[in-house]
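Visitor: With the input below, show me the fold.
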Amino acid sequence: MNIPRNEFLALGAGLAGAAVLALLPVVTEGFWLTIGVNIMLSAAMCTAWALFSGPTHLVSLASAAFFGVGTYAVAIFIDVLPFPVLILIAIAAGAVLALLVGLATLRLSGVYFVIFTLGLAELIGQIVTWVQTNFGGAIGLYVFTDLTETHLYWMLLALTVVVFITGWLVNRSRLGLALRIIGNDEAVARHVGVNTARARIILFAISGSFIAVAGAIMAPRYSYITPDAAFNPMTSFMVVIMPMLGGTRRLWGPLVGVVPFTLIMDFISSNFPNQTAVIVGIAFLAIVYVLPDGVTGRLEALFHARRSTESGLLAKTAEEVR
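Guide: Here you go, the predicted structure:
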């Protein structure tokens, strides 16, 4: 695999940046550490979502399902298993769920895939509610651990780094090439011999596993987990809005949307809690209408337009000189 030197430098710069971010709990606590946890959670989940939806152009609204499965993996076994083992269980649960969804949606695309994944979180949430009501005696589970906000921040930062490295490797593999072909034209991909079903399922499983791990890491913060909180559809919409704002053409694109949107939503939810859902809906419509390719997509379009203009001027000048 022939990788340009500048890409290795970019990867090194990213790792150095992660090392600097790891110092946040050392220099601050309280409000800003809580904001840091929220940003790292969004960064991990949005980048994991973009791993699949970016190259394939399939909008998945299953993030709440994967997140909820991860939180319940911790809630169910927290009293009998150590936390690292619960992370492994969350990975397996996310992968299995993604595999089942992938097999069920092999022939679905576009709006049909969106609708199916949207209903998935609600379906699983209702199943969990029914099971707890009929066999558990109460809806919800307690999660008591010794993990602090600092621990959660470091784990989410590590998860974000792993997601980025995974995406970096996938983009430079045969799987990444196959997914880009599928995203451009799935019929062409099948025609040239790409196993579209297998490629989609593999990356969907990777993406779902990462989001499930994010849910597992966040479980100790909630203390008491209910199906409504774990499988909240708002989670799926937020995970879509932020990458769309930043752009999905580049692996780091979602971060451009994560940081400002997280800060703005924290202000809105604190000052206008009853209007949060309405504001999120308006933001979604505005982003789709004004920035269909995200901030990074708009900047790239402006850059290419400028380069084209400069090239035209140079060609015209050379012609006049001749």
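Visitor: Any idea how far whichever strand or helix holds residue 200 is from the middle of the chain?
Guide: If you go by DSSP states H and E, residue 200 is part of helix 196-222. Centroid separation for helix 196-222 versus its chain: 9 Å, with CA atoms, centre = their mean, to the nearest Å.
Visitor: List the residues that contact the closest residue to residue 179 other than its chain neighbours.
Guide: Spatially, and ignoring its direct neighbours in sequence, residue 179 is nearest to residue 55 (4.0 Å; CB to CB, 6 or more residues apart in numbering). No exception for glycine: its C-beta is placed from N, CA and C like everyone else's. Each residue near residue 55 by CB atoms under 8 Å, 6 or more residues apart in numbering is listed here: 171, 176, 179, 180, 182, 183, 203.
Visitor: pretty sure the fifth one contacts residue 196?
Guide: Right, the one you point to is residue 182. Yes. In this structure residue 182 lies within contact range of residue 196 using CB atoms under 8 Å: 5.3 Å.
Visitor: of these two, who's got more company?
Guide: Between residue 182 and residue 196, counting by other CB atoms under 10 Å, residue 182 is the more crowded of the two (24 against 18).
Visitor: Measure how far the helix or strand containing the more buried one is from the centre of its chain, please.
Guide: If you go by DSSP H and E, residue 182 is part of helix 174-184. From the chain centre to the centre of helix 174-184 is a distance of 19 Å (CA atoms, centre = their mean).
Visitor: what's the angle from that helix to helix 196-222?
Guide: 100 degrees (axes from the mean of the first three to the mean of the last three CA atoms, to 10 degrees).
Visitor: Could you pull up the mean pLDDT of the helix or strand containing residue 71?
Guide: Here residue 71, judged by DSSP H and E, is contained in helix 63-77. For helix 63-77, mean pLDDT is 93.
Visitor: Could you name the helices and strands sitting against it?
Guide: helix 31-56, helix 83-104, helix 111-131, strand 141-142, helix 196-222, strand 224-225, helix 227-230, helix 233-246 (3 or more CB pairs under 8 Å, 6 or more residues apart in numbering; DSSP states H and E).
Visitor: distance between the third one and the chain's centre?
Guide: Relative to the centre of its chain, helix 111-131 is centred 18 Å away, using CA atoms, centre = their mean.
Visitor: can you list contacts of it?
Guide: Taking CB under 8 Å, 6+ apart as the rule, helix 111-131 contacts 58-65, 68-69, 72, 101, 104-105, 108, 139, 227-228, 230-233, 235-236.
Visitor: how much does it deviate in direction from helix 196-222?
Guide: Using the same axes, to 10 degrees: helix 111-131 against helix 196-222 is 40 degrees.
Visitor: Helix 111-131: which residues count as buried?
Guide: Buried residues in helix 111-131, defined by neighbour count with 16 or more other CB atoms under 10 Å: 113, 114, 116, 117, 118, 120, 121, 124, 125, 128, 129.
Visitor: repeat for the longest one
Guide: Neighbour-count burial for helix 196-222 flags 196, 199-222 (criterion: 16+ other CB under 10 Å).
Visitor: helices or strands up against it?
Guide: If you count contacts as 3+ CB pairs under 8 Å, 6+ apart, helix 196-222 packs onto helix 31-56, helix 63-77, helix 83-104, helix 149-171, helix 174-184, helix 186-191.
Visitor: How about the fourth one?
Guide: For strand 141-142, the packing partners by 3+ CB pairs under 8 Å, 6+ apart come out as helix 63-77, strand 224-225.
Visitor: Residue 281: which of these is closest?
Guide: helix 63-77 (16.3 Å; CB to CB).
Visitor: Need the nearest residue in space to the residue positioned nearest the centre of the chain, chain neighbours excluded.
Guide: Computing the C-alpha centroid of the chain and ranking residues by CA atoms, centre = their mean puts residue 46 first, at 2.3 Å. Nearest residue to residue 46, sequence neighbours excluded (CB to CB, 6+ apart): residue 254, at 4.0 Å.
Visitor: Figure out the helix or strand that the one you found lives in.
Guide: Assigned by DSSP H and E, residue 254 falls in helix 253-271.
Visitor: next structured bit after that helix?
Guide: Using DSSP H and E, the helix or strand that follows helix 253-271 towards the C-terminus is helix 276-290.
Visitor: Pull out the buried residues from that next one.
Guide: Within helix 276-290, judged by 16+ other CB under 10 Å, the buried ones are 280, 283, 284, 287.
Visitor: Now do that helix against helix 253-271: the angle between them, please.
Guide: Computed with the same axes, to 10 degrees, the direction of helix 276-290 lies at 150 degrees from that of helix 253-271.
Visitor: Packing partners of helix 276-290?
Guide: By 3+ CB pairs under 8 Å, 6+ apart, helix 276-290 packs against helix 233-246, helix 253-271.
Visitor: Can I get the ones you listed in a markdown table including mean pLDDT?
Guide: Below are those laid out as a markdown table (pLDDT from 0 to 100):
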| stretch | mean pLDDT |
| --- | --- |
| helix 233-246 | 87 |
| helix 253-271 | 84 |
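Visitor: tell me the contacts of residue 29?
Guide: Residue 29 makes contact with 149, 150, according to CB under 8 Å, 6+ apart.
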